[in-house]
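In: Structure for the following, please:
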Amino acid sequence: MMLENVRIDVKIKLSALWISLMFCYIYGDFFTLFVPGRIKGLMNGQSGAGPITPWVLLAYAVLLSIPPLMIFLSLILKPKVNRIINIVAGIFFTVVMLLVVCTSIDKWMIFYIYLGVIEIIITSLIVFHAWRWPKAIVT
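Out: Numbering: from 1, shown residues only. All right, here's what the predicted structure looks like:
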């Protein structure tokens, strides 16, 4: 018996990749709460990347608001703009995660490095699929 292999629209692929990325981000940040001393550090105003200030929290909020917005934008934007924004955002978050993975060398952060590598693969796939956006056939 032959099973049908339905072609999935690139917009749906991109949106699904952004959703997958968000799950990795959420799990990674949640699991860091189990690292010994992490909660105490947070309570003392230390994020692990420096002191926590209202402006630092705003910067994190702005940075981390982009992937959930991309879930929706990937579905509604016109192809030309969609392609460019996915390539730029995908490259940006790939670089961010490369920096995070390279600075997370600690035995307790092995899970974070693992999730970071998965996130790098996902953001690379976002760039790949956006780059190879199917061309319209004009007749």
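
In: mind listing what's buried in the element among helices and strands of the chain having the smallest mean pLDDT?
Out: For the chain, using mean pLDDT, DSSP states H and E, the weakest element among its helices and strands is helix 38-43, scoring a mean of 84. Neighbour-count burial for helix 38-43, counted by 16 or more other CB atoms under 10 Å, picks out Arg38. Using the backbone N, CA and C atoms, a C-beta is placed for each residue, glycine as well.

In: Same question for stretch 114-127.
Out: Residues 115-116, 118-127 are the ones in stretch 114-127 that count as buried (16+ other CB under 10 Å).

In: between the residues you listed, which is nearest Phe72?
Out: Lowest distance from Phe72 to the buried residues of stretch 114-127 (CB to CB) belongs to Ile126, with 14.6 Å.

In: Run through the residues that contact that closest one.
Out: By CB atoms under 8 Å, 6 or more residues apart in numbering, the contact set of Ile126 is 14, 17-18, 21, 86, 89-90.
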